[in-house]
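Engineer: Fold the following for me, if possible:
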Amino acid sequence: QVQLVESGGGLVQTGGSLRLSCAGSGELFESHFMGWFRQAPGKEREFLGAISPRGMSTSYSGSVKGRFTIARDNSKSMVYLQMNSLKPEDTAIYYCAGTLGGYSESVQDYDRWGQGTQVTVSS
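Structural biologist: Numbers count the residues shown, from 1 in each chain. Reported below is the predicted structural model:
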């Protein structure tokens with residue numbers, strides 16, 4: 001089974017950039033759709049975007065489209081979230097997640113989760 005570990009979070013000023021990484025281990029990483037989610041205090045976990053197993057297609061939520069980019073490198077079992085033009089409302093814990101069930105924007109469809117990494121955007 002795939003295990004996931006996020007890294008790269010931190011404190012950044014408004015307008016700044018961060019790149020989050022998600023390291024996968026275990027079998028079938030390259031067969032998983034990989035998604036990025038975030039959860040702010042007091043809010044539900046929010047879908048940000050996903051990438052297909054071979055990285056040929058991506059999809060993003062309206063709140064981050066044009067600012068965030070997802071990429072993957074299956075040779076390294078890595079998925080990345082490049083975040084640009086960050087805003088204070090992007091402050092949250094960010095999670096990567098995996099599913100063998102195909103493209104989904106729903107939390108419940110992902111069965112592999114990392115522990116999360118905190119991103120704080122100061123105003």
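Engineer: what's the burial count for S7?
Structural biologist: Counted with other CB atoms under 10 Å, the neighbours of S7 add up to 12. Where C-beta positions appear, they are placed from N, C-alpha and C, glycine not excepted.
Engineer: for L86, same thing?
Structural biologist: For L86, the count of nearby residues is 21 (other CB under 10 Å).
Engineer: Give the bridge partners for the closest residue to it other than its chain neighbours, please.
Structural biologist: Excluding its sequence neighbours, the residue lying closest to L86 (CB to CB, 6 or more residues apart in numbering) is V121, at 4.6 Å. V121 has these beta-bridge partners by DSSP bridges: V12.
Engineer: same deal with A92?
Structural biologist: Beta-bridge partners recorded for A92 (DSSP bridges): V119.
Engineer: Could you list which residues are in contact with it?
Structural biologist: Contacts were defined as CB atoms under 8 Å, 6 or more residues apart in numbering; by that measure A92 touches R38, Q39, A40, K43, E46, Q118, V119.
Engineer: possible to save those residues as a markdown table with neighbour count, distance to S85 and secondary structure?
Structural biologist: Putting the contacts of A92 into a markdown table (neighbours: other CB atoms under 10 Å; distance: CB to CB, whole Å; DSSP: H, G, I helix; E, B strand; the rest coil) gives the following:
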| residue | neighbour count | distance to S85 | secondary structure |
| --- | --- | --- | --- |
| R38 | 23 | 16 | strand |
| Q39 | 15 | 21 | strand |
| A40 | 14 | 18 | coil |
| K43 | 9 | 21 | coil |
| E46 | 17 | 18 | strand |
| Q118 | 12 | 19 | strand |
| V119 | 22 | 13 | strand |
